[in-house]
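J.: give me a 3D structure for the following:
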Amino acid sequence: MAEDMTKKNITIENGFKVIDARDDAAQSSFVDKDLLPHIDKKIRKQMDAFNMLSIEEVKYDKSSPEHMYIHQEKEKIGRSIINIKNQEQKYNENAYAFKQDLSELNPGTKNEDLHINTAVYGAQSRAVHIDDDGNMSFLLDDVDITAERNSAYEQFSETGEWNENEGEVILLNDMGARAIVKEPYTVKAFVFKLADKSKNDKDSGKQFDEKWTYNSSLSNITDSGPKGTIGAAFADLAGDGQTKSFAEMYVDGLNKEYYIHPDTGQPLPAGSEWMKDSANSKILAKLLARYITNVMKDIHTPTIDETTGQIKKSQSQLAQEIIEKYSK
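T.: Numbers count the residues shown, from 1 in each chain. Predicted structure coming up:
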């Protein structure tokens, strides 16, 4: 496993270098040098087939089944060629967007997703296949290259078949599900405004509405989507560069309520790796909403240490200081 991760990290580093070297000004016309030959080869192959069908087509009466079949096959090839160009544009747009997104990379991103994105958009895939419908797929493989492996790569490029134990085939159309997690600026802005409101409500003598605060927090987090929820869990929501994220505090130790599944009451896993799985985003959103609600309650009514009579130090203290700083 350690050796596998080392190879993947090398792929990530090499992908970063390629991505960094790309000229943003030429992005609209950019096609990866390793991708372009596959595009040209497939289009030439499809055009040859189209021309051969055209030669055959004129041999039959237009109302004959043979003519109709050939005409349908020609239309399929035409759609394929159009789709190849669409896939090329999609790759360009995705590659450019990924480069921009890297500046907002959030710690909630799975290493596997980062590896896949840098391999595909950083020209680190071993082989590329374009099927007869024009859809692109990429072969990711970190195994040492041998003559047998090269033969398998060539077969994949031609047929799209991959029967080796190691390696993974990624469709360009599926890359959206592999997107990296970015900084959750929408959730951050919401938390800041909510903290400001809690402080103002306290100063004006209004009671703290715990139910409204929780529901509003949950709605905002959920609306950010699974990736936004993950990003919020791993982000410094206070925005001061010092406050630990919810995920970090979860690892360090929080109140027991945060380690219980909000729906089933079962214990939640140790560590924060489970939070990076989009399938757990609904659970995570509820925990975050509860955490934010408790922080806002603390801003509105700080907890008093019964022994010293002083306000207890809390995560919300930094948030309060930030609010006061930027409200002046």
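J.: the residue in the chain sticking out farthest from the centre and Asp34, how far apart?
T.: Residue farthest from the centre of the chain, counting by CA atoms, centre = their mean, is Asp61 at 53.0 Å. Applying CB to CB, to the nearest Å, the value for Asp61 to Asp34 is 46 Å. The C-beta positions use only the backbone N, C-alpha and C, and glycine is treated the same way.
J.: below-threshold pLDDT in the stretch 1-150 of the chain: ranges please.
T.: Residue ranges of the stretch 1-150 of the chain with pLDDT under 70: 1-5, 24-31.
J.: the strands in it, which residues?
T.: 127-130, 136-140 (DSSP state E, counting those that start in this stretch).
J.: of those, give the one that comes closest to Ala49.
T.: Within the strands of the stretch 1-150 of the chain, the stretch nearest Ala49 is strand 127-130; the backing value is 13.7 Å (CB to CB).
J.: report the backbone C-alpha coordinates of the closest one in CSV.
T.: Written as CSV, here are the backbone C-alpha positions of strand 127-130 (Å, rounded to 0.1, in the frame of the first residue of the first chain):
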residue,chain,number,x,y,z
ALA,A,127,-3.3,5.0,-22.6
VAL,A,128,-6.4,6.6,-24.2
HIS,A,129,-9.3,5.0,-25.9
ILE,A,130,-12.1,6.6,-28.0
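J.: need the contact partners of that strand.
T.: With contacts defined as CB atoms under 8 Å, 6 or more residues apart in numbering, strand 127-130 is touched by 34-35, 38-39, 42, 84, 87, 136-139, 153-154, 156-160.
J.: need the buried ones from these selected in ChimeraX.
T.: Buried residues within these, by 16 or more other CB atoms under 10 Å, are selected in ChimeraX with:
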select :35,38,39,42,84,87,136,137,138,139,153,156,157,160
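J.: in CSV, list the strands of the stretch 1-150 of the chain along with distance to Asp298.
T.: Shown next, in CSV, are these (distance: least, CB to CB, whole Å):
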stretch, distance to Asp298
strand 127-130, 54
strand 136-140, 46
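J.: of all these, which one is nearest Gln207?
T.: So among the strands of the stretch 1-150 of the chain, strand 136-140 is nearest, using CB to CB, at 55.4 Å.
J.: that closest one pairs with which strands, parallel or anti?
T.: Strand 136-140 has these partner strands in its sheet, going by DSSP bridges: strand 127-130 (antiparallel), strand 168-171 (antiparallel).
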